[in-house]
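Asker: The following comprises the amino acid sequence and a computationally predicted model.
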Amino acid sequence: MESLITLVSVLTPMFAGFFIRVPKHLLPAIDKVLTLLVYIILLLIGVSLSQVENLFARLDTILWQMLLLFGCIIGMNLVVLVWFDRRHPWQLEGGRKTSVSISGSIKQLGCVVVGFILGSLLPQAWLPPEKTGMYFLMAMVLLVGIQLNGSGIKIRQVLINKRGVQTGLLLMASSLAGGLLFAACVAEVSWTQGLAMASGFGWYSLSGLVMTEAYGAVWGSVALLNDLGREFLALLTIPLLMRRCPSSAVGIGGATSLDFTLPVIQGAGGLQVVPLAISAGFLINVAAPFLMVVFSSFG
């Protein structure tokens, strides 16, 4: 019953957002609110992490599990997407060098650290109620739905971009395969948990909170760091991959190819690669909440 409530709580606001149309001049304000909500959610994840008993004795486990999960998922992503690029080559025209900034990712990780410090120092009575993070998450996915609607993206336009759909589906399938590989390597992880942990596809604020709700703050931290690591890697590798492996360059960003890494994708590949990125990113953003909650509901 709890998993069904979580599923409804996450998916209903997103799909409700698809039917809410706002004037285009308000979209920048929504984007700012969305950024603020992401920071608040990361702070709350840090607070949850501070409440884990004997946490410092478990830091080695968190880091090791994160690195193993990251290696399994990203490794499978690159194998499948690079194969796809070589099997179905696409020659880009133009493109240009682009600067890479990881300051945003550092700020996001810093929010988790600040939340951890606050959770460690503040009296228990001052800490937010347990479900506070879920309420902010519902607000976040509602705004994501509104953003997707307001950006003018239509389902028909997404499905028409064949290569974008293929890239999104291959990214998700290879990530899930990486999650199964992770579960095979770690005896305490069930195959459904492995699939759930792999279903964030780079949406760290969502995966960190959903996995915390399902498996506790330790596994929530593993999921958060894994998906945040994807963002770091994408910023560094998109310019390197774009010329020879454009689908790999777009796919490696996962859910962020629709927003955070889109300027880097456009800078490295030009306008011609933007529809591919939007199509793949849209599918991944819609699928991630559903897959995470469904897989985690099986325990």
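Answerer: Good, I have the coordinates.

Asker: residue contacts, Trp219?
Answerer: Taking Cβ atoms under 8 Å, 6 or more residues apart in numbering, we find Trp219 in contact with Gln65, Gln193, Met197, Met211, Thr212. Where C-beta positions appear, they are placed from N, C-alpha and C, glycine not excepted.

Asker: pLDDT weak spots in the protein?
Answerer: By pLDDT under 70, the low-scoring segments of the chain are 1-8, 10-11, 53-55, 57, 93-105, 151-159, 271, 299.

Asker: so what's the most centrally placed residue in it up against?
Answerer: Centroid-nearest residue in the chain: Trp203, 1.3 Å away (criterion: Cα atoms, centre = their mean). Going by Cβ under 8 Å, 6+ apart, Trp203 touches Asp227, Gly254, Ala255, Thr256, Asn285, Ala288, Pro289.

Asker: which of the contacts of Trp219 count as buried?
Answerer: Buried members of the contacts of Trp219, scored by 16 or more other Cβ atoms under 10 Å, are Gln65, Gln193, Met197, Met211, Thr212.

Asker: Now intersect these with the helices, please.
Answerer: Gln65, Gln193, Met197, Met211, Thr212 (DSSP state H).

Asker: and of these, the nearest to Leu121?
Answerer: Within those, proximity to Leu121 (Cβ to Cβ) peaks at Thr212, which comes in at 20.3 Å.

Asker: you'd agree that closest one is up against Ser205?
Answerer: No. Between Thr212 and Ser205 there is no contact under Cβ atoms under 8 Å: 11.2 Å.

Asker: Need the overlap of contacts for those two.
Answerer: Ile45.

Asker: what about the helices in the stretch 51-200 of the chain?
Answerer: 55-87, 103-121, 132-150, 155-160, 162-185, 191-198 (DSSP state H, counting those that start in this stretch).

Asker: which of these sits most buried?
Answerer: helix 191-198 (a mean of 24; mean count of other Cβ atoms under 10 Å).
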